[in-house]
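# Let me see the structure of the following:
(2 chains)
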Amino acid sequence: MATVTDLKITELKLSEAEGGKWGMVIDQDICTGCQACVAACAMENNVSFVGDVDSGYGRSMHWIRIERFWEGEYPEVKMTPNQPMMCQQCGSATCEPVCPAFATVHSQAEQLNLQVYNRCVGTRYCANNCPYQVRSFNWRDYERPEPLPNQLNPDVTVRTRGVMEKCTFCIQRIHKAQDNAKAEGREVVDGEFTTACAQACPASAITFGRVDDSESLVSQLIKHGHGVKHLEELGTLPNVTYFKGG
Amino acid sequence: MAEMKQHTDAHAGGHHGGHTEEHFREKHLMLDPLPRGQMNDMVMESMTEPPTWRYWTVFAILSVIVAYGLFYSWGKMIVEGLGIAGVNRPAYWGIFLVNTVFWIGISHAGTFISAILRVFKAEFRRPFTRAAELMTTFGLVQAGFSIFMHMGRVWLAYWLMPYPNERMLWPNMHSPLSWDLLAITTYLLSSTMYLFLPLIPDVAMARDKSTGWRKTLYKTLALGFRGTEGEWAHLRNAMNIFAFAIIPVMFSVHTIVSWDFAAATRPGWNSTIFGPYFVVGALHSGMGAVIVVLAIIRATMKHMKYFIRPEHFDAIGKLMLIISMAWAYFFFNDYMVQWYGGDKWTKQLLHFHEAGPMGWMWFAMLIFNIAIPWAILWNPKWRSTPWLVSIVGILINFGMWFERYIIIPVSLTINRMPFTWRMYTPGVEIPLGIGTLAFFALLYMAASKLIPLIPVWEVQEGQMAHKLTKYGRETVVTVSELE
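Numbering: from 1, shown residues only, chains lettered A, B, ... in the order given. Below you'll find the predicted structure:
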């Protein structure tokens, strides 16, 4: 007969098993809010340029955003640490089961939440059900004036109007690194590559790597500090850890 | 029948305490029989009389609204993208889904009146089952329009259907939207069949009484129905099966619609009571819509004052009152349990409902859905007055539309990421929504000229069963066994 204690143990094992492969650590204390990650991500991933009107109406399409908050009433305003927010690559993602077309799926190989752009029909249920609100929808075909098309990353698809998109942890870079390592007959080394946002961060506030490798920098940081995961109480098993307040 | 009429006529006149026969006949359609041929002619005339200039004016205006509001605006949105609508982050779902839920709600009353009242043998249903069933089918058409408008790439909507394909790609049956698609399709098909079955004897009657293109139309629709005993037995059997089977379908459809919300991990949505709450809400708006449709039919079509009488408004008014009470029960149950749950986001959301910028809508919802129906429908005289109950019906529909608006875009405004909180302002949703309303009315107007809106055979069947009999001085309504 299963007892209450047994149940707890199974739950723990389950979350460990779904702990993910790739993860990220974000140190909010050293984030300056410079938005370099936002720009780098947009360039790396061919994110559309939405413009001020649509952006002001809540249609910005950045896969990563810097959330700024303040405490108190003017003039006694105190800024709180900037909070970069992107897809948390949940182990048990709420966006996945609700897609009627299987456009939002969990990748077995990378343990990431993938969005299959050409399968998406645009019901937007995944975005509603994402507690982190990090999915962006192509509300229109946004113009990409010359010479911006020359800047497009050939490794990443350009999305059309009517589909959902979101952060992929730069899966194209993961694949490239894996291919290179395979060609050289070795494993991918920690720190060999990183995501566009982590690469661009001048303060090195973002660290990316394998969370299932206890030797990696990400795992070391997680073990070392008092990190928190956002909205963990929902059981989403997010893979991004935040450090704040020392 | 004629004999019976003479019989009752002979005894009419005297006052014997209680109610006189005139009183009974004036009040109740079932006790006021007309000869079969005459009644058939009345229904035929109401349908075939040449449309008046007023009919054509309304028809033309509605056509223009449909052409602009529905087809042009939708085409524009398909070409330019959902950017011209008001949906944004965090309100990814807007008026399109409000209208979808609203129209499915409207479609509920048709089946409710028809199937449940048929199963329970409620006699007052007889003259208006058809009018209600038509609402189901036409309402579902609008719900279909609304949900397809909502999609980002509507031209790929067929991907949601489970069809065999080379790549073995199937819809995701974990998604409430997939359940929704199946439930609504089932409901549309079964309610259309359920509309068609009781129509057969009436179109057969119309076939026998018409010429030209109408004859061809009704001949096709009547499927060679002659009225033999065997045909009637089969028809009754089929209708019986459908009436019973469609009731669980109806309950499941709106429960599944509610699961689109209840199954989501969102404050305010993740509520276990949403299923019955939505079913009752659907009946609430649907009954309100039925009564408006009946009042319009009665006021505009020939001979309808004979068929649709104050007693029917009285009976539906009572139902509306009970449903309003049930809705209030579910509303407060949902509200109280969520409030006591103590989740900080839910509390924030509930506060936003009442005190936020859309607070006026929240209070209007309560006034239209609870206060006004309770204040008016308790009074038999008031609820028998067609124009007054129609106003109540219209207000209930506003209230129920507000309820869905509060549940969808207003609740989506508040989520667990305060950085993304933003208000929703409708864009092209408004012409599109008005377009669906106009299309509903247009379909109804066209149907009123093409198929008998009154199920004559059902009225005649009821009248045959009811009789006024005198026992001593007392006039008593006697009923032979029904069916």
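
# Flag every buried residue along stretch B:412-425.
Using 16 or more other Cβ atoms under 10 Å in any protein chain shown as the test for burial, stretch B:412-425 gives B:412-417, B:420-424. Every C-beta, even on glycine, is put in place using the N, C-alpha and C of the backbone.

# Do you have the strands of the chain handy? List them.
By default, I'm working from chain A. A:22-27, A:64-67, A:70-71, A:78-79, A:83-86, A:104-106, A:113-115, A:136-137, A:164-165, A:206-210, A:240-243 (DSSP state E).

# please go with chain B instead
Using DSSP E, strands in chain B cover B:466-471, B:474-479.

# Tell me how many other residues crowd residue B:28.
19 (other Cβ atoms under 10 Å in any protein chain shown).

# do you know how far it is from residue B:474?
17 Å (Cβ to Cβ, to the nearest Å).

# Make sure residue B:395 is actually in contact with residue B:372.
Yes: with contact defined as Cβ atoms under 8 Å, residue B:395 and residue B:372 form a contacting pair (5.4 Å).

# on that earlier part again, just send the strands of chain A back as a markdown table, with mean neighbour count, distance to chain B and mean pLDDT too.
What follows is these, written out as a markdown table (neighbours: other Cβ atoms under 10 Å in any protein chain shown; distance: least, Cβ to the nearest Cβ, whole Å; pLDDT from 0 to 100):
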| stretch | mean neighbour count | distance to chain B | mean pLDDT |
| --- | --- | --- | --- |
| strand A:22-27 | 25 | 15 | 94 |
| strand A:64-67 | 20 | 4 | 95 |
| strand A:70-71 | 10 | 12 | 88 |
| strand A:78-79 | 10 | 14 | 88 |
| strand A:83-86 | 22 | 7 | 95 |
| strand A:104-106 | 21 | 9 | 92 |
| strand A:113-115 | 21 | 13 | 93 |
| strand A:136-137 | 24 | 7 | 95 |
| strand A:164-165 | 24 | 8 | 96 |
| strand A:206-210 | 23 | 18 | 94 |
| strand A:240-243 | 22 | 13 | 94 |
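
# quick one, which of those is nearest to residue B:187?
strand A:104-106 (27.1 Å; Cβ to Cβ).

# Report whether stretch B:61-75 contacts chain A.
No: shown here: stretch B:61-75 not in contact with chain A (Cβ under 8 Å from any Cβ of the partner chain), separated by at least 13.8 Å.

# Contact partners for the residue in the stretch 101-250 of chain B positioned nearest to chain A?
When scored by Cβ to the nearest Cβ, the stretch 101-250 of chain B has residue B:152 as its residue closest to chain A, at 1.7 Å. The neighbours of residue B:152, taking Cβ atoms under 8 Å, 6 or more residues apart in numbering or on different chains as the test, are A:120-124, A:137-138, A:161-164, B:81-82.

# Adding distance to residue A:72, write these out as CSV.
Shown next, in CSV, are these (distance: Cβ to Cβ, whole Å):
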residue, distance to residue A:72
A:120, 42
A:121, 45
A:122, 41
A:123, 40
A:124, 36
A:137, 34
A:138, 38
A:161, 42
A:162, 42
A:163, 41
A:164, 37
B:81, 41
B:82, 38
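
# how close does the residue of chain A at minimum distance from chain B sit to residue A:229?
Relative to chain B, the nearest point of chain A is residue A:122 (1.7 Å; Cβ to the nearest Cβ). Using Cβ to Cβ, residue A:122 is found at 30 Å from residue A:229.

# What are the boundaries of the helices in chain A?
Ranges of helices within chain A are A:4-17, A:36-44, A:52-54, A:125-129, A:171-183, A:196-200, A:217-224, based on DSSP state H.

# buried sites along the fifth one?
When you say that, I think you mean helix A:171-183. Buried, per 16+ other Cβ under 10 Å, within helix A:171-183: A:171-174, A:177-178.

# and if you look at the second one?
Along helix A:36-44, these residues count as buried under the neighbour rule (16+ other Cβ under 10 Å): A:36-42, A:44.

# Which one of residue A:122 and residue A:229 is surrounded by more residues?
The residue with more neighbours, out of residue A:122 and residue A:229, is residue A:122; 24 against 17, by other Cβ under 10 Å.

# ok, that one touching residue A:163?
Yes: Residue A:122 lies in contact with residue A:163 (Cβ under 8 Å); the separation is 6.1 Å.

# Quick check: neighbours shared by those two?
A:137, B:152-153.

# so how far is residue B:105 from residue B:464?
36 Å.

# Which residue, other than its chain neighbours, is closest to the residue of chain A closest to chain B?
Once flanking residues are discounted, residue A:122 sits nearest to residue B:152: 1.7 Å by Cβ to Cβ, 6 or more residues apart in numbering or on different chains.

# distance of residue A:109 from residue B:103?
Note on residue A:109: its distance to residue B:103, by Cβ to Cβ, is 43 Å.

# Those two: which is more packed in?
For residue A:109 versus residue B:103, the count of surrounding residues by other Cβ under 10 Å is larger for residue B:103: 28 against 10.

# quick one: contacts for that one?
B:139-140, B:142-143, B:146, B:436, B:440.

# okay if I get the helices of chain A as a markdown table plus mean pLDDT and distance to residue B:316?
Shown next, in a markdown table, are those (pLDDT from 0 to 100; distance: least, Cβ to Cβ, whole Å):
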| stretch | mean pLDDT | distance to residue B:316 |
| --- | --- | --- |
| helix A:4-17 | 52 | 52 |
| helix A:36-44 | 96 | 58 |
| helix A:52-54 | 92 | 47 |
| helix A:125-129 | 94 | 36 |
| helix A:171-183 | 94 | 59 |
| helix A:196-200 | 96 | 61 |
| helix A:217-224 | 90 | 64 |
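
# Is it possible to get CSV of those helices that adds distance to chain B?
Supplementary listing: the helices of chain A in CSV, determined by distance: least, Cβ to the nearest Cβ, whole Å:
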stretch, distance to chain B
helix A:4-17, 17
helix A:36-44, 13
helix A:52-54, 7
helix A:125-129, 5
helix A:171-183, 21
helix A:196-200, 17
helix A:217-224, 23
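
# Out of these, which gets nearest to residue B:186?
That would be, of the helices of chain A and by Cβ to Cβ, helix A:125-129, which comes in at 20.7 Å.

# Against which helices or strands is that closest one packed?
If contacts are counted by 3 or more Cβ pairs under 8 Å, 6 or more residues apart in numbering or on different chains; DSSP states H and E, helix A:125-129 sits against no helix or strand.

# Convert that helix to PDB, keeping the C-alpha atoms and dropping everything else.
Coordinates of each C-alpha in helix A:125-129 appear next as PDB, following Å, rounded to 0.1, in the frame of the first residue of the first chain:
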ATOM      1  CA  TYR A 125      -4.600  28.800 -26.900                       C
ATOM      2  CA  CYS A 126      -1.000  28.100 -26.000                       C
ATOM      3  CA  ALA A 127      -0.300  31.800 -25.400                       C
ATOM      4  CA  ASN A 128      -3.400  32.100 -23.200                       C
ATOM      5  CA  ASN A 129      -2.300  29.200 -21.200                       C
END
